[in-house]
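[1] pasting the sequence and the predicted coordinates here, then a few questions.
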Amino acid sequence: MERYGTPMEAEVLTLLWSLSVSMYPLGGLLGSLMVAPLVNKLGRKGTLLFNNIFSIVPAIMMGVSETVRSYEVIITARVLVGICAGLSSNVVPMYLGELSPKNLRGAIGIIPQLFITIGILSAQVLGIRNILGNSTGWPIMLGLTGLPALVELLLLPLFPESPRYLLIQRGDHTTARKALQRLRGWEDVDEELSEMRLENQSEKEEGQLSVVSLLSQSSLRWQLTSVIILNMGQQLSGVNAIYYYADSIYASAGVQENHIQFVTVGTGAVNVFMTIAAVFIVEAAGRRRLLLIGFGICCAACVILTIALKFQDAVSWMPYVSIACVIIYVMGHAIGPSPIPYVVTMEMFRQSSRPAAFMVAGSVHWLCNFTVGLVFPFLERGLGPYSFIIFSVICLATLIYIWMVVQETKNKTFLEVSQMFTKKNRVEIKQPYGDTPLKGSGM
């Protein structure tokens, strides 16, 4: 109105809203496509430092967007912050996984997802109408997204580069040893370094794999298929649809409109709590078990939610069943489908193929995210509550695949995990020391 002197037409407003929403996963896809070139050139730590550009610049742009009265600024900023998310969602698990000892790799690998859930909860709290969720506060809330990047710029330089990157990809044995000693807090790291050298020698002939060469590697066929299925299952399991439906479900249960935002915050808190639980149980329960339990819970919750939504007008207590289904679904997704695919992607690939694998996994993740955002409003309009049956089928199909194909990777070296897939891939991994069994307590 203030920019053009007349109110914006409803169709144009809807288009601009759709563009703003869809630009984020599109940016995520672009960021994922940048993963392999950047981590191979700049290293894991260097890529994360570089990535802060894509957080700080759009935060400033969104913060001043109302002042300059430009929706183009917001749309452009959404693309840039999407690139940041696409890079960080892949490089952070890779970096932490390569730093971690194998007995803690799963727990540390879930930490990024934990901070994502904390970020979502923080946004839900700040988005309360009495705080920043109003006409004057939203530019401030969007501008605050640059603060974590500033903290990372200050603190990350104090941490070492990935020892695996330094030793295997850079050939810098001295710096790799020093980095590993800093991380472990003791001088004797020979056993872990030996395991890294063993991995390096076993894949020397391959070099750094591109995405094209990764797709043609018969020794990685089932690992790559598993990572693609897990990332598709994660995004197509209905998690975004659940959050889309949540407000109307709460309203149908009698929650007052002004109080729905507080219930939404409560759901976010449940998400954080269950992700914390996953951190503590992943090493004991294992990755495979948490994936099976998580997708099983999500499948059942979607089926029961469909029934509850269908009969909520006829049966007085059905809306409360719907609320329970939403909460149970969030709990199930938080312990398995949300955090574990990143951990499994990290563990299924060795150093030469890991960057390309994360590039493929991230691209699938963001493409599916974009697809759900684009298609679900039409599904909801055409099928109503029955749209959740589609999500339940996807959850069930993913669960069956995990049961039949995905093997447990906890407390194993990367070379041992690769060896586990040799039978399915019908290949043998070359062992540099003849018939010496693959072993090592390293990372």
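    Ah, there it is. None of these values were measured; they are calculated from a predicted model.
[2] would you mind listing the residues in contact with the most centrally placed residue in the chain?
    Residue closest to the average C-alpha location in the chain (CA atoms, centre = their mean): residue 89, at 5.4 Å. If a contact means CB atoms under 8 Å, 6 or more residues apart in numbering, then residue 89 has 28, 31-32, 112, 342, 362, 365 as its contacts. Quick note: C-beta positions are derived from backbone N, CA and C, even for glycine.
[3] quick check: which element contains it?
    Per DSSP states H and E: residue 89 is located in helix 71-99.
[4] that helix: what's the following helix or strand?
    helix 105-126.
[5] who touches the helix or strand following that next one?
    As assigned by DSSP H and E, the chain's next helix or strand after helix 105-126 is helix 138-143. Residues outside helix 138-143 that contact it (CB under 8 Å, 6+ apart) are 59-60, 62-67, 77, 123, 126-127, 132-133.
[6] tell me which two of these sit farthest apart.
    The distance between the two most remote of the contacts of helix 138-143 (CB to CB) is 21.7 Å, for 67 and 123.
[7] can you pull out the helices in the stretch 151-300 of the chain?
    Applying DSSP state H, counting those that start in this stretch to the stretch 151-300 of the chain gives helices spanning 163-164, 173-184, 190-202, 211-215, 221-236, 239-252, 257-285, 287-311.
[8] same question for the stretch 301-443 of the chain.
    Counting by DSSP H, counting those that start in this stretch, the stretch 301-443 of the chain has helices at residues 318-335, 340-348, 354-383, 387-404, 414-420, 422-425.
[9] quick one, which of those gets closest to residue 233.
    With CB to CB, the closest approach to residue 233 among the helices of the stretch 301-443 of the chain belongs to helix 387-404: 3.2 Å.
[10] now do the buried residues in the closest one.
    Across helix 387-404, burial judged by 16 or more other CB atoms under 10 Å covers 387-392, 394-399, 401-402.
[11] next, the angle helix 287-311 makes with that helix.
    Relative orientation of helix 387-404 and helix 287-311, computed by axes from the mean of the first three to the mean of the last three CA atoms, to 10 degrees: 160 degrees.
[12] which strands and helices sit next to helix 387-404?
    Helix 387-404 is packed against helix 221-236, helix 239-252, helix 287-311, helix 354-383, with contacts defined by 3 or more CB pairs under 8 Å, 6 or more residues apart in numbering; DSSP states H and E.
[13] which strands and helices sit next to the third one?
    Put plainly, it is helix 287-311. helix 239-252, helix 257-285, helix 318-335, helix 340-348, helix 387-404.
[14] hmm, back to that, got CSV for the helices of the stretch 301-443 of the chain, with distance to residue 163 and mean pLDDT too?
    Below are the helices of the stretch 301-443 of the chain laid out as CSV (distance: least, CB to CB, whole Å; pLDDT from 0 to 100):
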stretch, distance to residue 163, mean pLDDT
helix 318-335, 30, 93
helix 340-348, 15, 94
helix 354-383, 14, 88
helix 387-404, 31, 95
helix 414-420, 13, 87
helix 422-425, 26, 81
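[15] can you list these in TSV and add distance to residue 107?
    Below are those laid out as TSV (distance: least, CB to CB, whole Å):
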stretch	distance to residue 107
helix 318-335	13
helix 340-348	9
helix 354-383	19
helix 387-404	20
helix 414-420	17
helix 422-425	27
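[16] quick one: which of these is nearest residue 108?
    Closest to residue 108 of the helices of the stretch 301-443 of the chain, according to CB to CB: helix 340-348, at 9.0 Å.
[17] just to revisit the earlier point, please say which of residue 67 and residue 123 ends up with more neighbours.
    Legend: neighbour count by other CB atoms under 10 Å for residue 67 and residue 123, higher for residue 123 (17 against 9).
[18] do you know how far the residue lying closest to the more buried one once chain neighbours are set aside is from residue 104?
    Leaving out its chain neighbours, the residue that sits closest to residue 123 by CB to CB, 6 or more residues apart in numbering is residue 141, at 7.4 Å. Computed with CB to CB, to the nearest Å, the distance linking residue 141 and residue 104 is 35 Å.
[19] so if I had to pick from these two, which one is more boxed in?
    Taking neighbours as other CB under 10 Å, residue 141 and residue 104 compare with residue 141 leading, 18 against 15.
[20] how close does the more buried one sit to residue 60?
    Counting by CB to CB, the gap from residue 141 to residue 60 is 14 Å.
[21] can you report how many residues lie near residue 99?
    23.
[22] ok, it touching residue 166?
    No: taking contacts as CB atoms under 8 Å, residue 99 lies outside contact range of residue 166: 11.4 Å.
[23] which among the contacts of helix 138-143 count as buried?
    In the contacts of helix 138-143, burial by neighbour count holds for 59, 62-63, 65-66, 77, 123, 127, 132-133, counting by 16+ other CB under 10 Å.
[24] how about those in CSV, adding pLDDT and distance to residue 352?
    Formatted as CSV, the buried ones among the contacts of helix 138-143 follow (pLDDT from 0 to 100; distance: CB to CB, whole Å):
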residue, pLDDT, distance to residue 352
59, 93, 36
62, 88, 39
63, 88, 42
65, 81, 43
66, 79, 48
77, 92, 36
123, 91, 38
127, 88, 43
132, 87, 46
133, 79, 47
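[25] and the residues you listed, which is closest to residue 172?
    residue 59 (34.7 Å).
[26] the closest one touches residue 148, doesn't it?
    No: Residue 59 sits out of contact with residue 148 when judged by CB under 8 Å, with a separation of 9.5 Å.
[27] so what's residue 309 closest to, chain neighbours aside?
    Take residue 309 and drop its neighbours on the chain: the residue closest to it by CB to CB, 6+ apart is residue 385, 3.4 Å away.
[28] let me see the contact set for the residue lying closest to residue 363 once chain neighbours are set aside.
    Spatially, and ignoring its direct neighbours in sequence, residue 363 is nearest to residue 32 (4.7 Å; CB to CB, 6+ apart). Counting by CB under 8 Å, 6+ apart, residue 32 touches 86-87, 89-90, 358-359, 361-363, 365-366.
[29] out of those, which is most surrounded?
    The member of those that has the most neighbours, counting by other CB under 10 Å, is residue 90 with 33 neighbours.
[30] if I look at that one, how far off is residue 47?
    For residue 90, the distance to residue 47 equals 9 Å [CB to CB].
[31] wait, doesn't residue 347 sit right on residue 408?
    No: contact criterion CB under 8 Å: residue 347 and residue 408 do not qualify, at 10.0 Å.
[32] which one of those two has more residues nearby?
    Of the pair residue 347 and residue 408, residue 347 is the one with more neighbours under other CB under 10 Å, namely 24 against 14.
[33] distance-wise, check that one relative to residue 240.
    With CB to CB as the criterion, residue 347 and residue 240 are 26 Å apart.
[34] and for residue 295, the neighbour number?
    When neighbours are counted by other CB under 10 Å, residue 295 registers 29.
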